[in-house]
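Novice: Predicted coordinates and the sequence they were generated for:
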Amino acid sequence: MKSLQTGHDARGLEAVGRLEIGGHGFCTGALIASNLVLTAAHCLFDQKTGKRVRADQIVFRAGLRNGRAKAIGEVRGAVTFPGYNFRAKNPGDRVKNDFALLRLRRPMGRVVEPFEIGGKLTRRNQSVAVVSYAKGRENAPSLERACKILGRQSTVYVLECDVDFGSSGAPVFSMEGGRPRIVSVISAKAEMDGQNVALAPMLTQGVVDRLKRELDRAGVDNRTVTGAKFLRASGG
């Protein structure tokens, strides 16, 4: 696990940012278009009341390091993946659809380069990378360059990645070809055979396209205004 404390360390990964939720918690998100942020669905809910947090109470700080961000985006609207149920009793039912897409009020332009969606992971023991903010390391992103896929349960990957509260929504990258492509997002941490693991739902371009359609259906259009233990972090 490497803390990305300098611009050199974080080069090419600035589109990962900290999502500040309602002023009392945070998750991790990643820019996939100049005005679209991908994260985990459960990040959009108040952990105590179960109610949705209003979109205008969410702020995305791309590339945040020690109080300074490459770009800051206010959220115009947000949707969760169809079928996601925050109140589902079975954790697996929450993880498999744990995606949300947020539309920013203004595009971030060329200041931050969005990530591409990479497709399915196919091999057990294939290495992936995770960039996240988390409890105890909330002021700068951390990179875990090579954690392995331990297995898959239906449409949920089981990863050996080191995650904690705040890592929810963090992009899981395939680094094949030397360019990071998002293949999943962190949803939860769990235990398997005495080992701490991370759970991450399978992400495809079809999932992203469905989320975009949901944004359009919700009336959150492309126009901009000119001028197990789920890992959202709580706290003041």
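Specialist: Looks like it arrived, so ask away.

Novice: Ends of stretch 190-204, what's the gap?
Specialist: Using CA to CA, to the nearest Å, the end-to-end distance of stretch 190-204 comes out at 23 Å.

Novice: same thing with stretch 81-98?
Specialist: End-to-end distance for stretch 81-98: 7 Å, by CA to CA.

Novice: what's that stretch in contact with?
Specialist: By CB atoms under 8 Å, 6 or more residues apart in numbering, the list of residues contacting stretch 81-98 from outside reads 40-42, 45, 50, 80, 99-100, 153-156, 185, 187-188, 190, 199-202, 207, 210-211, 214, 228, 230. Any C-beta I mention is one placed from the backbone N, CA and C, and that applies to glycine too.

Novice: Now do the buried residues in that stretch.
Specialist: 81, 84, 86, 91-92, 94-98 (16 or more other CB atoms under 10 Å).

Novice: ok now that stretch, how far from the chain's centre?
Specialist: Taking the mean of its C-alpha atoms, stretch 81-98 sits 16 Å from the chain's own mean (CA atoms, centre = their mean, to the nearest Å).

Novice: What mean pLDDT does that stretch get?
Specialist: Throughout stretch 81-98, pLDDT has a mean value of 89.

Novice: And the residue nearest in space to the middle of the chain, which helix or strand is it part of?
Specialist: For the chain, the residue whose C-alpha lies nearest the mean C-alpha position (CA atoms, centre = their mean) is Gly169; its distance is 2.3 Å. Gly169 is located outside every helix and strand, with elements delineated by DSSP states H and E.

Novice: which residues does it contact?
Specialist: Taking CB under 8 Å, 6+ apart as the definition of contact, the neighbours of Gly169 are 19, 27-30, 38-40, 43, 100, 185-186.

Novice: Least confident secondary structure element in this structure?
Specialist: Ranked by mean pLDDT, DSSP states H and E, the helix or strand of the chain with the weakest confidence is strand 229-230, at a mean of 58.

Novice: which intervals of the chain have sub-threshold pLDDT?
Specialist: Within the chain, the set of residues satisfying pLDDT under 70 comprises 120, 122, 220-236.

Novice: and the longest strand for it?
Specialist: Secondary structure assigned by DSSP state E gives strand 137-153 as the longest strand of the chain.

Novice: Counting by contacts, list what that one packs against.
Specialist: Counting contacts by 3 or more CB pairs under 8 Å, 6 or more residues apart in numbering; DSSP states H and E, the secondary-structure elements packed against strand 137-153 are strand 2-3, strand 16-21, strand 127-134, strand 156-159, strand 195-201.

Novice: rerun that using 7 Å as the cut-off
Specialist: Under the contact criterion of 3 or more CB pairs under 7 Å, 6 or more residues apart in numbering; DSSP states H and E, the helices and strands touching strand 137-153 comprise strand 2-3, strand 127-134, strand 156-159.

Novice: roughly how far is that strand from the heart of the chain?
Specialist: Its chain's C-alpha centre and that of strand 137-153 lie 12 Å apart, by CA atoms, centre = their mean.

Novice: List of residues touching it?
Specialist: Under the criterion CB atoms under 7 Å, 6 or more residues apart in numbering, residues 1-5, 10, 13, 16, 26, 65-66, 121, 124-133, 157-162, 166, 197, 233 lie in contact with strand 137-153.

Novice: distance of the nearest residue to Gly118 once chain neighbours are set aside from Met175?
Specialist: Spatial nearest neighbour of Gly118, chain neighbours left out: Arg181 (2.8 Å); criterion: CB to CB, 6 or more residues apart in numbering. As defined by CB to CB, to the nearest Å, Arg181 lies at a distance of 8 Å from Met175.
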